[in-house]
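> mind looking at a prediction? Sequence and model below.
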Amino acid sequence: MKNIKETVCSMLLTLFFLIQLICYMKGNFMDLLVKLYDLHDNKNFHPSENIIIRRPIPPEKTIIVNWIKKNFSQSWADECEVSFSNKPVSCFIAQIDKNIIGFACYEATMKNFFGPFGILPSYRNQYIGKSLLFHSLLAMKEMGYAYCIIGGAGPIEYYKKFLPVVPISNSIPGIYENMLISDDESFHL
């Protein structure tokens, strides 16, 4: 009986992720739920020593927002700008020397939401994104949240590698349903 249940669950999960793939290819992104109360800092997700992960300070807002606009999108830059109105700032950056290479925001668009989140392509697969994600989620846990929502999550497989995520049904298009997007902007979810 246990094997039948496992097989059925596996088949349903495969079907679900095929649906997710279709949604992803069509530009639809589902929200994910993350359990924070069991989350612990994972030392395996810390980048190399020359990469600094930190919370920025308000005088850096313009530099960071402009960097996000240049490397990702105006929409993400707008969301990051909002994160600077929170105290403490609800954003983390990754930097090498004085150069930004990635960022992660939370509580920018909605309460209890993680994102936006981006790493320069040349610095991906070096634990930078994972470290930024964990810094943000642990900060949300410290705020008292038991769960977090990753809004409009891009590749769900990325998050599944190291987080117990649960897709939220009927969350497409979610809070972004009537969002205005400039014709000259590419939106990088």
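Received the coordinates, thanks. Predicted model, so just to flag it, every value in this text is computed and none were measured.

> helices of the chain, start to end?
2-25, 61-71, 74-83, 128-142, 156-160 (DSSP state H).

> off-centre distance for the third one?
How far helix 74-83 lies from its chain's middle: 13 Å, per C-alpha atoms, centre = their mean, to the nearest Å.

> ranking the helices of the chain by mean pLDDT, which is last?
Across the helices of the chain, helix 2-25 has the smallest mean pLDDT, namely a mean of 49.

> would you mind measuring the gap between the ends of stretch 92-111?
17 Å (C-alpha to C-alpha, to the nearest Å).

> list the buried residues of it.
For stretch 92-111, burial by neighbour count (16 or more other C-beta atoms under 10 Å) applies to 92-95, 100-109. Any C-beta I mention is one placed from the backbone N, CA and C, and that applies to glycine too.

> go on, stretch 59-78?
Within stretch 59-78, the residues scored as buried using 16+ other C-beta under 10 Å are 61, 64-65, 67-69, 71-77.

> between the residues you listed, which is nearest Leu138?
Closest approach between these and Leu138, by C-beta to C-beta: Ile64, at 20.4 Å.

> is it correct that that closest one is in contact with Phe92?
No. With contacts counted by C-beta atoms under 8 Å, Ile64 stays clear of Phe92, the gap being 10.5 Å.

> which residues do those two both contact?
Residues touching both Ile64 and Phe92 (C-beta atoms under 8 Å, 6 or more residues apart in numbering) are Pro56, Phe103.

> can you get me a residue count around the residue nearest to Cys148 when sequence neighbours are not counted?
In space, and not counting its chain neighbours, Cys148 is closest to Val34: 4.5 Å by C-beta to C-beta, 6 or more residues apart in numbering. By other C-beta atoms under 10 Å, the residues close to Val34 number 22.

> partner residues bridging Val34?
Cys148, Val165 (DSSP bridges).

> I'd assumed Tyr147 was in contact with it.
Yes. Counting by C-beta under 8 Å, Val34 touches Tyr147, with 6.5 Å between them.

> what do the two both touch?
With C-beta under 8 Å, 6+ apart as the test, Val34 and Tyr147 reach no residue in common.

> identify each buried residue in stretch 124-132, please.
Gln126, Tyr127, Ile128, Gly129, Lys130, Ser131, Leu132.

> same check on stretch 78-89?
Glu79, Cys80, Glu81, Ser83, Phe84, Val89.

> got the end-to-end distance for that stretch?
14 Å.

> other residues contacting that stretch?
Against stretch 78-89 from outside (C-beta under 8 Å, 6+ apart): 55-58, 61, 64-65, 68, 90-91, 103, 105-109, 115-116.

> give me the distance from it to the chain's centre.
On C-alpha atoms, centre = their mean, the centre of stretch 78-89 falls 15 Å from the chain's centre.

> now swap in stretch 87-102 and tell me
14 Å.

> ditto for stretch 103-123
5 Å.

> list the contacts of Phe103.
So, once contact is read as C-beta under 8 Å, 6+ apart, Phe103 ends up touching Ile64, Trp67, Ile68, Cys80, Cys91, Phe92, Ile93, Ala94, Pro116, Phe117, Gly118, Leu132.
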